[in-house]
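Asks: structure for this input, please:
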Amino acid sequence: MEYQHEKLARGKWYTLTLAEQMGNIGSEVGRAGSWRERGQQEYFDKAFERALELFDLTLADERWKGARRREIARARDQVCEVLKYGGVDESLKSLNNYFFKFALAARMLAGSA
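Replies: Predicted coordinates:
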């Protein structure tokens, strides 16, 4: 399989915390939503694919089991529903807010290390 995030797929992804992984996914989700709003289909498709790739890498991470893995899978489903199948703007805002919390947590944890 060819990855857009080749370096991450080779193992670096699995050294990140869940907050870092979800924050990175959120960045791609935000980009995809922004491109969709601008009507830039090609850029939307690429960002959406990158987000799904990161979700799949996260789901493959052996550290996340049980409820965590179910939440990651549910978040992936929600992203697909909202972005690919034309969810409303409020849903996109909710997704961005959801992922922002992970990015903020990752930043705070990195600052305390």
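
Asks: centre of the chain versus the longest helix anywhere in the chain, how much separation?
Replies: Ordering each helix of the chain by length in residues (DSSP state H) puts helix 89-112 first. Distance of helix 89-112 from the chain centroid (CA atoms, centre = their mean, to the nearest Å) equals 10 Å.

Asks: what about the one residue sitting closest to the centre of the chain, distance to Gly39?
Replies: In the chain, the centroid-proximal residue (CA atoms, centre = their mean) is Ile25; its distance is 2.0 Å. In this view, Ile25 and Gly39 are 23 Å apart by CB to CB, to the nearest Å. C-beta coordinates here come from the backbone N, C-alpha and C atoms, glycine included.

Asks: kindly report the same for Asp45.
Replies: Here Asp45 is placed at a distance of 12 Å from Gly39 (CB to CB).

Asks: which element, helix or strand, includes the residue nearest to the centre of the chain?
Replies: Secondary structure from DSSP states H and E places Ile25 in helix 18-37.

Asks: and the next helix or strand after that helix, what does it pack onto?
Replies: Counting by DSSP H and E, the next helix or strand C-terminal to helix 18-37 is helix 41-60. Helix 41-60 makes packing contacts with helix 6-9, helix 18-37, helix 66-79 when contacts are defined by 3 or more CB pairs under 8 Å, 6 or more residues apart in numbering; DSSP states H and E.

Asks: run the angle between helix 41-60 and helix 66-79 for me.
Replies: Put simply, helix 41-60 runs at 170 degrees to helix 66-79, going by axes from the mean of the first three to the mean of the last three CA atoms, to 10 degrees.
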